[in-house]
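1. here is my input; please provide its structure:
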Amino acid sequence: MLYMVIEHFRNQDARAVYDRFNTKGRMVPDGIAFHGSWVSADLGRCFQIMECDDLTLLQRWAVEWSDLVEFEIIPVSPGKDMAEALRS
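-> Just a heads-up that it's a prediction; the model follows:
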């Protein structure tokens with residue numbers, strides 16, 4: 001399943017998030033596929049698409065970053081898939 005992960009940087013402290021990322025990497029458990037990320041212009045949020053079959057893997061990953069980031073994890077489907085499903 002695909003997930004839109006929205007990271008809200010605590011205190012809008014992108015530097016702390018990227019310092020950890022540069023030191024430790026993304027730290028995702030095996031079983032999660034990272035598809036891409038985009039950062040808001042104000043450096044307050046990061047939007048990521050991730051894929052996994054077990055939501056608890058994403059939750060475990062979020063715990064590793066919870067001191068620096070507040071997470072929204074939203075299941076999503078590609079628009080073309082939704083259009084096909086609604087066509088009938």
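2. CA atoms of whatever helix or strand residue 81 lives in as CSV?
-> Remark: residue 81 resides in helix 79-87, with elements defined by DSSP states H and E. Below are the C-alpha coordinates for helix 79-87, written out as CSV (Å, rounded to 0.1, in the frame of the first residue of the first chain):
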residue,chain,number,x,y,z
GLY,A,79,-5.4,9.0,-9.2
LYS,A,80,-5.5,6.8,-12.3
ASP,A,81,-6.4,3.7,-10.1
MET,A,82,-9.2,5.6,-8.4
ALA,A,83,-10.5,6.8,-11.7
GLU,A,84,-10.6,3.2,-13.0
ALA,A,85,-12.4,2.0,-9.8
LEU,A,86,-15.0,4.7,-10.1
ARG,A,87,-15.6,4.2,-13.8
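3. any idea of the mean pLDDT for it?
-> Averaged across helix 79-87, pLDDT comes to 87.
4. quick one: that helix to chain centroid distance?
-> Distance of helix 79-87 from the chain centroid (C-alpha atoms, centre = their mean, to the nearest Å) equals 24 Å.
5. show me what it is packed against.
-> Contacts defined by 3 or more C-beta pairs under 8 Å, 6 or more residues apart in numbering; DSSP states H and E place helix 79-87 against no helix or strand at all. Bear in mind the C-beta positions are built from the backbone N, C-alpha and C, glycine included.
6. list the buried residues of it.
-> For helix 79-87, the neighbour count (16 or more other C-beta atoms under 10 Å) marks no residue as buried.
7. one more: stretch 40-54?
-> For stretch 40-54, using 16+ other C-beta under 10 Å, the buried residues are 45, 46, 48, 49, 50, 52.
8. same check on stretch 16-28?
-> Under 16+ other C-beta under 10 Å, the buried positions of stretch 16-28 are 17, 20, 28.
9. does the last one touch residue 34 like I think?
-> In this case it means residue 28. Yes: assessed by C-beta atoms under 8 Å, residue 28 is found in contact with residue 34 at 6.2 Å.
10. name the residues contacting each of the two.
-> Both residue 28 and residue 34 are contacted by residue 50, under the criterion C-beta atoms under 8 Å, 6 or more residues apart in numbering.
11. what about the buried residues of stretch 16-28, which are in strands?
-> Per DSSP state E, strands hold no members of the buried residues of stretch 16-28.
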